[in-house]
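[1] show me how the following folds:
(chains A, B, C and D)
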Protein chains: 2
Amino acid sequence: MVRLPHTPAEVERGQRLGALLRRARGERSMLETALDARVSPETLRKIESGRVATPAFPTIAAIADVLDLSLDAVWAEINR
Amino acid sequence: MVRLPHTPAEVERGQRLGALLRRARGERSMLETALDARVSPETLRKIESGRVATPAFPTIAAIADVLDLSLDAVWAEINR
DNA sequence: CCATGGCCCGATTCTAATACCGGGATACCA
DNA sequence: TGGTATCCCGGTATTAGAATCGGGCCATGG
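    Purely as a prediction, here's the structure:
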């Protein structure tokens, strides 16, 4: 009865997700990207830095929208 | 400084997500689907019944995998 | 009648995601 | 030097997701 702590595999997947999003953001500023996606800049920063292993689905979807990323491609790339 | 409560719009989007997943599951049993996706049956039930407004990205991705759904299509359909 | 299977619900537990603040480091330019 | 911009970090606060337990309901079949 209890939420389990994240496994190392989940942590690593979160780090791959963050790295992928940061690459996809390219030259755009973190602040502008966050505002466009309507998420807090802190949230985007934490996701990009890999400190949030399992972000909410709507959060990732909104960011992927702004960055013109396919969610299926993102999932396929980080899920190993 | 403080996580905001879910807005009615977010709640409704969660309900659309749940309904969509339930339709896509079709005849398959909830238990089998949950086990295949490696999520708790309770978690799947809560998502399908719309009581979890913003599930984790990996959770939804794993379920979509099992149900042969495109994440992009899911997002496009529930996000209005 | 009772067992089984499928689905649902409430309560509980505990970690994690989201969010804001203050501060710091860096770089660039006037 | 001072100003601006960007990003990072630590701390703190609060809601919410994930999971288990225990029980209930409704079929179907023994």
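[2] is it true that residue A:48 touches residue A:23?
    No - if you go by Cβ atoms under 8 Å, residue A:48 and residue A:23 don't touch, sitting 9.6 Å apart. C-beta here means a position set from N, CA and C on the backbone, and glycine is covered the same way.
[3] neighbour count winner among the two?
    residue A:48 (22 against 10; other Cβ atoms under 10 Å in any protein chain shown).
[4] what parts of chain A come near DNA strand C?
    Residues of chain A lying close to DNA strand C (Cβ under 7 Å from any atom of the strand) are A:1-6, A:14, A:39-40, A:42-43, A:46-47, A:52-56, A:59.
[5] surely residue A:60 touches residue B:57?
    Yes - with contact defined as Cβ under 8 Å, residue A:60 and residue B:57 form a contacting pair (4.4 Å).
[6] joint contacts of those two?
    residue A:17 (Cβ atoms under 8 Å, 6 or more residues apart in numbering or on different chains).
[7] quick check, the residue in chain A closest to chain B?
    residue A:71 (3.6 Å; Cβ to the nearest Cβ).
[8] what's the burial count for that residue?
    23.
[9] state the helix or strand in which residue A:65 lies.
    helix A:57-67 (DSSP states H and E).
[10] and DNA strand D, is that helix touching that?
    No - if you take Cβ under 7 Å from any atom of the strand as the test, helix A:57-67 misses DNA strand D, and the best it gets is 8.2 Å.
[11] for the following helix or strand past that helix, what is the average pLDDT?
    Next along the chain after helix A:57-67, taking DSSP H and E as the criterion, comes helix A:71-78. Across helix A:71-78, pLDDT averages out at 94.
[12] do helix A:71-78 and DNA strand D come into contact?
    No - using Cβ under 7 Å from any atom of the strand, helix A:71-78 stays clear of DNA strand D, coming no nearer than 14.3 Å.
[13] if we go by neighbour counts, what in that helix is buried?
    The neighbour-count check on helix A:71-78 (16 or more other Cβ atoms under 10 Å in any protein chain shown) flags A:71-72, A:74-75, A:78 as buried.
[14] since that was my last question, I'll sign off now.
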